[in-house]
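K.L.:
model this:
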Amino acid sequence: MVKKLTIKQFFLLMSITGSIVLPHGVFAAAFQLWEQDGASVGNYHAGRAAIAEDASTAYYNPAGLVRIPNQQLVLGIVPITVDFLFDGTIAVEKIDDNEPRATKAQGGTLNFVPDLHYAAPLFSNLVFGLSVAVPFGLQTNYGYGSIVRYSATKTSLKVIDVAPSLGFAINQHLSIGAGADIEYSEAQFNLVATVFEPMFDSYANNSLSGHGVGYHAGILYQFTPQTRMGLAYQSKVTHNFTGTSKFTGPLANFLNETLPPEISNNNLKTTATIPATTTLSFFSAVHPSWDLMATVSHIQWGIFKDVVLHNVSGVDENVDISNSITVNIPQNYHNTWNYAVGANYHVDERWFIRTGAGYDETPSNNEDRNLQLPDGDRIALALGAHFQATKTLGFDLGWTHFFTASVPIDITQQVGGQVTTSKGDVTGNADVYGFQMKWDMI
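P.N.:
Residues are numbered from 1 along each chain as shown. Below you'll find the model as predicted:
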């Protein structure tokens, strides 16, 4: 009976801690991508709702589409390297009498984020735009080589947004725009559970896909030919996820006589909401050689308090195999602000240099933060360049480096008599590289 109770507790712990990965992957600031085009990487998206210099404005502020005089295609790729280092202890009950075990583990990965933007004037005052972008993404992976695997291994997410838009010029100063956000999402999160010895390691693999629909809208006001201000809003999007929950290995084999040993179900479900973002931007060509720009964004993370995961496969409190376990995970995020300033220096008619800096707040808190996403406030520094190769073809490259504050991890997860404690500090940084081609089809 004691052996069965231990297995039940470990599996329930696996189910709950494994489920935590989904909301952190989808909703944490570290997984929110500000650069939905390659060029803005060089300014850290400063002025994103006011610049309207290419077809990517269809995503940032569709009111800016009226500044695109001809058909235009923008293609970009943004490689992102993320690095987390956890330095601390992991204590798992029933392993070494719950003594904390010191460890260090890397959790960073390399990711590639593509984007596409298209603009086409329909009339002199009406322009159509289409964007395909990734507003949320990235991946962390601590691997299976340390005791951290009992708290987290792989967490990945991608959200693809297909966004048709229209921009309309009311007069020579004021334009408005709006569009739909049709989103598809995929998430994967894995974990390891065991009893007594690593030889009992068993693997939790959870995969989900979802979809949701929202909208975006904006206003652009042109004070002078050189100066403009934009206000944009991207709505919250609720994603309905479904997928598969699997638990395989010695523990599953002990409770389930099927070969290969596996406890699984294809009816894993949850609903999660990506928060709304309001952005105010300013842009001014203050000199023939200099442009200045700034952005402030408010992200409504405060709507995200809990995630309820339905139909988790595992062992219930009666030590029976079940495909209908419900897990409730508190998150308690809070609203945040993001700030960015930037400048362009025009070397000549073909070249200009970009630069930027910014500050990004985390929505997480010290009580709920865990190893799936040890997110902290970040400072960004950016540099980039634009080269106009021909009258119709231009190229951009950019680089943003993020300095992430060291954050504490001190979380205990308990199910019945089973307790896992993660305690330590996480330091991290990220590098974002932007590459873009702009083609004016004239």
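
K.L.:
how much space separates the residue nearest to Gly145 when sequence neighbours are not counted from Phe283?
P.N.:
For Gly145, ignoring the flanking residues on the chain, the nearest one in space by C-beta to C-beta, 6 or more residues apart in numbering is Ala105 at 7.8 Å. Heads up, the C-betas are built off the backbone N, CA and C, glycines and all. Using C-beta to C-beta, to the nearest Å, we find Ala105 at a distance of 43 Å from Phe283.

K.L.:
equivalent analysis for Asn267, please.
P.N.:
Using C-beta to C-beta, one gets 49 Å for the distance from Asn267 to Phe283.

K.L.:
between these two, which is the more surrounded one?
P.N.:
In this comparison of Asn267 against Phe283, neighbours counted by other C-beta atoms under 10 Å, the higher total goes to Phe283 at 26 against 14.

K.L.:
my guess is that one is in a helix, correct?
P.N.:
No: in this structure, Phe283 is strand, not part of a helix, as judged by DSSP: H, G, I helix; E, B strand; the rest coil.

K.L.:
mind pulling up the pLDDT for Phe352?
P.N.:
The predicted local confidence for Phe352 comes out at a pLDDT of 97.

K.L.:
pretty sure it contacts Gly384?
P.N.:
No: Phe352 sits out of contact with Gly384 when judged by C-beta atoms under 8 Å, with a separation of 9.5 Å.

K.L.:
more crowded one of these two?
P.N.:
A side-by-side neighbour count of Phe352 and Gly384, using other C-beta under 10 Å, places Gly384 first with 26 against 20.

K.L.:
identify the residues contacting the spatially closest residue to the more buried one that is not a sequence neighbour.
P.N.:
In space, Gly384 comes closest to Gly42 once its chain neighbours are excluded; the distance is 1.7 Å by C-beta to C-beta, 6+ apart. Listed by C-beta atoms under 8 Å, 6 or more residues apart in numbering, the contact partners of Gly42 are 354-356, 382-386, 396-400, 434.

K.L.:
am I right that Gly42 sits in a helix?
P.N.:
Yes: the assignment for Gly42 by three-state DSSP puts it in a helix.

K.L.:
ok, back up a step: which one of the contacts of Gly42 is nearest Thr273?
P.N.:
For Thr273, the nearest member of the contacts of Gly42 is Thr400. The distance, counting by C-beta to C-beta, is 27.2 Å.

K.L.:
spit out the contact partners of that closest one.
P.N.:
Residues in contact with Thr400 (C-beta under 8 Å, 6+ apart) are 35, 41-42, 44, 356, 380-382, 431-432, 434.

K.L.:
may I ask which helix or strand encompasses Val312?
P.N.:
Take DSSP states H and E as the rule and Val312 turns out to sit in strand 306-315.

K.L.:
and that strand, C-alpha only, in CSV?
P.N.:
What follows is the C-alpha trace of strand 306-315 in CSV, where atoms were taken according to Å, rounded to 0.1, in the frame of the first residue of the first chain:
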residue,chain,number,x,y,z
ASP,A,306,-5.6,30.7,-13.2
VAL,A,307,-5.4,27.9,-15.8
VAL,A,308,-7.6,24.9,-15.5
LEU,A,309,-6.4,21.8,-17.4
HIS,A,310,-9.0,19.1,-18.1
ASN,A,311,-8.7,15.4,-18.8
VAL,A,312,-5.1,14.8,-17.7
SER,A,313,-4.2,11.2,-17.9
GLY,A,314,-2.8,9.7,-14.8
VAL,A,315,-3.5,8.2,-11.4
